[in-house]
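> Just a sequence and a predicted model for now, questions to come.
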Amino acid sequence: MKAHRVSDGMMIVPDDVEAKIFDLLKIREEPGWTGAFSRKQYPGALPNGTRVRKVIGEAGDTHSLGAQATVLGSVVRWPWEELGYFVEWDDEPRCAVFVVGAKIAKIA
């Protein structure tokens, strides 16, 4: 079974396909952390350890504009081919969160 789009634009990905994607991207849970994430670094992405801040927000976001975080890893979000990052927000230590690359910027 392949992934398919449903009426609200979301993609439905079968569990076995998701497991293969997570394995390929090395998305895992780590002891002492909340949330699965990858420490892989996508070519051309901000390096792991880079300090970033939130520059674009949407309704329902849990972090306000200007919130700061540290990059843990980066991947291209399938199937949109959009760069995304796993980050650790300063106000949520040891909690890995995925954020679309366009919503954050490197702190100068």
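Noted; the coordinates are in hand.

> Correct me if wrong: residue 53 contacts residue 64.
No - counting by C-beta atoms under 8 Å, residue 64 is not a contact partner of residue 53; they are 10.4 Å apart. In short, each C-beta sits where N, CA and C put it, glycine included.

> If you count surrounding residues, which of these two has more?
Neighbours per residue (other C-beta atoms under 10 Å) separate residue 53 from residue 64, with residue 53 holding more: 16 against 8.

> What strands line up against the helix or strand the more buried one falls within, and which way round?
When secondary structure is defined using DSSP states H and E, the element that contains residue 53 is strand 51-54. Here strand 51-54 has these sheet partners by DSSP bridges: strand 68-77 (antiparallel), strand 104-106 (antiparallel).

> what about the ones you listed, which gets the closest to residue 23?
Residue 23 lies closest, by C-beta to C-beta, to one member of these: strand 68-77, at 12.7 Å.

> Which positions within that closest one qualify as buried?
By neighbour count, with 16 or more other C-beta atoms under 10 Å as the criterion, the buried positions of strand 68-77 are 69-75.

> Repeat that for stretch 14-27.
With burial defined by 16+ other C-beta under 10 Å, the residues of stretch 14-27 counted as buried are 25, 27.

> cool, and stretch 96-106?
Using 16+ other C-beta under 10 Å as the burial criterion, the residues of stretch 96-106 that qualify are 96-99, 101, 103-104.

> got it, and stretch 33-51?
Judged by neighbour count (16+ other C-beta under 10 Å), stretch 33-51 contains these buried residues: 35, 37-38, 40-42, 45-46, 48, 50.
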